[in-house]
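1. just to be clear, the model below is a prediction. Sequence and coordinates:
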Amino acid sequence: MIRSIAIDGPAGAGKSTIAKSIAKTKGFVYVDTGAMYRAMGLYYMNNGVAPDDTKKIEEMIDEIDVSIVYENGEQIVLLNGENVNSKIRTPEVGNMASGVSTNSAVRKKMVSLQQQLAKKRSVVMDGRDIGTVVLPDAMVKIFLTASVDVRTERRFEELKAKGIDCDKAKLREEIIERDYRDTHRENSPLKKADDAVEVDTTELTVEEVVGEILDIAESKGL
Ligand code: DC
């Protein structure tokens, strides 16, 4: 039987680290939907399209093919056939992804791709609208949060580990801006699904969060 776990939450709440670990424990496939929006954002950025240029975004949308493959258990995002994993993690691409993800044509394309992936295998999928829109029937829905300061610190360390240097104060401002855009957009805004369980990770270690979610999953028969 195909089953799914949906993990939503704001930037830097720890979604990908937690989702990867849960997927490994459960033997499910981890799907990072933010990476797909980042690939879309990268394409428009490279083509000089502004994130609010609806006309150009919609004119060009059929030129873009985003797909997902797995190599040694790692998700590889292909943008028109090119592996763009090493290009999509910068704050610039994150902001661009947040901008273009407000467009309904972009969302429609990505949601359809994500739903197809979840039809083929059991997934742990993370994003902003997984429990509300992409997988409304997911057996387990988690809404992951943490304070802005802790999320900034985590993003800063994550970028540093990847050799990407950035200003912490600016990163904090960008996270606040991105939260605002992601929660106030008209199309599928970031919000907790009515049947999601909120887990605040501010004071918790990765192991503690994973343990809590595995307990929730078990209580739901998963
Ligand atoms: O999770 P992330 O930081 O990689 O996501 C980048 C942006 O993509 C995020 O700011 C909003 C958008 N996004 C979305 O709209 N819906 C999703 N399911 C995942 C990401």
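-> The structure has been received and is ready for your questions.
2. just list the residues touching residue 87, thanks.
-> 42, 93 (Cβ atoms under 8 Å, 6 or more residues apart in numbering). For glycine as for every other residue, the C-beta is placed from the backbone atoms N, C-alpha and C.
3. mind redoing it with 10 Å?
-> Counting by Cβ atoms under 10 Å, 6 or more residues apart in numbering, residue 87 touches 38, 39, 42, 45, 46, 77, 79, 93.
4. and those residues, which is closest to the ligand?
-> residue 38 (5.5 Å; Cβ to the nearest ligand atom).
5. nearest residue to that closest one other than its sequence neighbours?
-> residue 88 (3.8 Å; Cβ to Cβ, 6 or more residues apart in numbering).
6. for the one you found, give me its contacts.
-> Neighbours of residue 88 in contact, by Cβ under 10 Å, 6+ apart: 32, 34-42, 77, 79, 94, 96-97.
7. and residue 60, by the same measure?
-> 43, 44, 47, 49, 53.
8. check residue 208 too.
-> 199, 201.
9. just want to check the distance between it and the ligand.
-> As judged by Cβ to the nearest ligand atom, to the nearest Å, residue 208 and the ligand stand 22 Å apart.
10. how about the helices in this protein?
-> 15-26, 33-46, 54-60, 91-100, 104-120, 148-161, 168-184, 206-219 (DSSP state H).
11. narrow the contacts of residue 60 to those that are buried.
-> 43, 44, 49, 53 (16 or more other Cβ atoms under 10 Å).
12. list phi and psi for the residue lying closest to the first one once chain neighbours are set aside.
-> Closest residue in space to residue 43, ignoring its immediate chain neighbours: residue 64 at 5.2 Å, by Cβ to Cβ, 6+ apart. The phi and psi torsions at residue 64 (degrees, to the nearest 10) take the values phi -100, psi 130.
13. now do the contacts for residue 64.
-> Taking Cβ under 10 Å, 6+ apart, one finds 39, 40, 42, 43, 44, 47, 57, 79, 80, 106, 109 in contact with residue 64.
14. same deal with residue 162?
-> 86, 89, 90.
15. and if we set it to 7 Å?
-> residue 89 (Cβ atoms under 7 Å, 6 or more residues apart in numbering).
16. cool, and the one 3 residues further on?
-> Taking Cβ under 7 Å, 6+ apart as the criterion, residue 165 is in contact with no other residue.
17. now it: how far from residue 92?
-> Residue 165 is 13 Å from residue 92, where distance means Cβ to Cβ, to the nearest Å.
18. residues from the chain in reach of the ligand?
-> 11, 33-34, 37-38, 94, 97-98, 101, 127-130, 178, 182 (Cβ under 6 Å from any ligand atom).
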